[in-house]
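Colleague: Based on what follows, work out the 3D shape:
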Amino acid sequence: MEELKRIAAERAVAEYVESGMVLGLGTGSTAAFVVRRLGKLIADGDLEDVRGVATSAQTVALAGEVGVPLVTLAEARPVVTIDGADEIGPGLALIKGGGGSLLREKIVAHATGALGLVVVADGSKLVGSLGEGPLPVEVEPFGWEATLRYLASLGCEPELRMDRTEGKNPFVTDGGHYTADCRFASIPDPAGLEREIKRIPGALECGLFVGLARTAIVSRPDGTRVIEA
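Modeller: Got it, this is the predicted structure:
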């Protein structure tokens, strides 16, 4: 799977990144291949004046390590954002947020210009209908118990995500929020569910990315497929 992720990431960089460009840099294992490839091309002189907008502290650290200059959204708007996904459904509706950075990822994706969000993934991420895995929802820590009860009323089983290292304390996002992982039997109407979740006070953002992805580059053992929205 790691090799397939690398192939998809490097193809996206080859096809969508040019010198002088500002691009959004996603978070997670697949997005890390994008950042590393950019660092290599910059170091070799094949790309010049490329700057990234990072979606997490993790991506900031990796960009610094491999030499990718960063800017903020206050300084520049990305032309394209390249990021991974947990699930890719019909119409390129996505579930994201397994890495814990969905709010910042969605902010950057919405701020992206002409080329939009390009998703890179291995073939296991393609699903017939969203909801095979949990849907992350970033929630305000104050009153999180009430927020999870409201989420449950939408037909899911919400569970507060715990810290991955010790598992004794809630996982805290870069923005200081908690994450509820919500298991639905299926999500036949992603756009409708996104609207319902965002009506809940305390539910700051959900991992449904609907109408944001323009292209998905998906690598399988038998080849790489480009899917357009």
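
Colleague: ok, now which ones touch Ala152?
Modeller: Pro158 (Cβ atoms under 8 Å, 6 or more residues apart in numbering). Quick note: C-beta positions are derived from backbone N, CA and C, even for glycine.

Colleague: Start and end of stretch 211-229, how far apart?
Modeller: End-to-end span of stretch 211-229 (Cα to Cα, to the nearest Å): 8 Å.

Colleague: Could you give the average pLDDT over that stretch?
Modeller: Average pLDDT, stretch 211-229: 95.

Colleague: how far is that stretch from where the chain is centred?
Modeller: 15 Å (Cα atoms, centre = their mean, to the nearest Å).

Colleague: before we move on, what about stretch 7-16?
Modeller: From the chain centre to the centre of stretch 7-16 is a distance of 16 Å (Cα atoms, centre = their mean).

Colleague: Stretch 109-123 now?
Modeller: The answer for stretch 109-123 is 9 Å, by Cα atoms, centre = their mean.

Colleague: Then stretch 118-132?
Modeller: Using Cα atoms, centre = their mean, the offset of stretch 118-132 from its chain centre is 12 Å.

Colleague: List the buried residues of it.
Modeller: 118-123, 125-127, 130-132 (16 or more other Cβ atoms under 10 Å).

Colleague: try stretch 214-225
Modeller: 214-219.

Colleague: Dump these into JSON lines; add secondary structure as well.
Modeller: Putting the buried residues of stretch 214-225 into JSON lines (DSSP: H, G, I helix; E, B strand; the rest coil) gives the following:
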{"residue": "Arg214", "secondary structure": "strand"}
{"residue": "Thr215", "secondary structure": "strand"}
{"residue": "Ala216", "secondary structure": "strand"}
{"residue": "Ile217", "secondary structure": "strand"}
{"residue": "Val218", "secondary structure": "strand"}
{"residue": "Ser219", "secondary structure": "strand"}
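
Colleague: which one among those residues gets closest to Phe184?
Modeller: Of all the buried residues of stretch 214-225, Phe184 sits closest to Ala216, with 21.8 Å by Cβ to Cβ.

Colleague: what sits against the closest one?
Modeller: 85, 88, 92, 118-121, 226-227.

Colleague: And these, which is closest to Arg195?
Modeller: Leu92 (18.4 Å).

Colleague: Test my guess that that closest one contacts Gly116.
Modeller: No. Leu92 lies out of contact with Gly116 (Cβ atoms under 8 Å); the separation is 10.0 Å.

Colleague: joint contacts of the two?
Modeller: With Cβ under 8 Å, 6+ apart as the test, Leu92 and Gly116 both reach 213-215.

Colleague: Could you export those residues as TSV, including distance to Ile107?
Modeller: Below are the shared contacts of Leu92 and Gly116 laid out as TSV (distance: Cβ to Cβ, whole Å):
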residue	distance to Ile107
Ala213	15
Arg214	17
Thr215	20
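
Colleague: Out of the buried residues of stretch 214-225, which comes closest to Glu2?
Modeller: Ser219 (10.8 Å).

Colleague: how near is the closest one to Leu212?
Modeller: For Ser219, the distance to Leu212 (Cβ to Cβ, to the nearest Å) stands at 21 Å.

Colleague: Over to Val137?
Modeller: From Val137 to Leu212 the distance is 17 Å (Cβ to Cβ).

Colleague: again, but for Leu41
Modeller: To Leu212, Leu41 is 26 Å away according to Cβ to Cβ.
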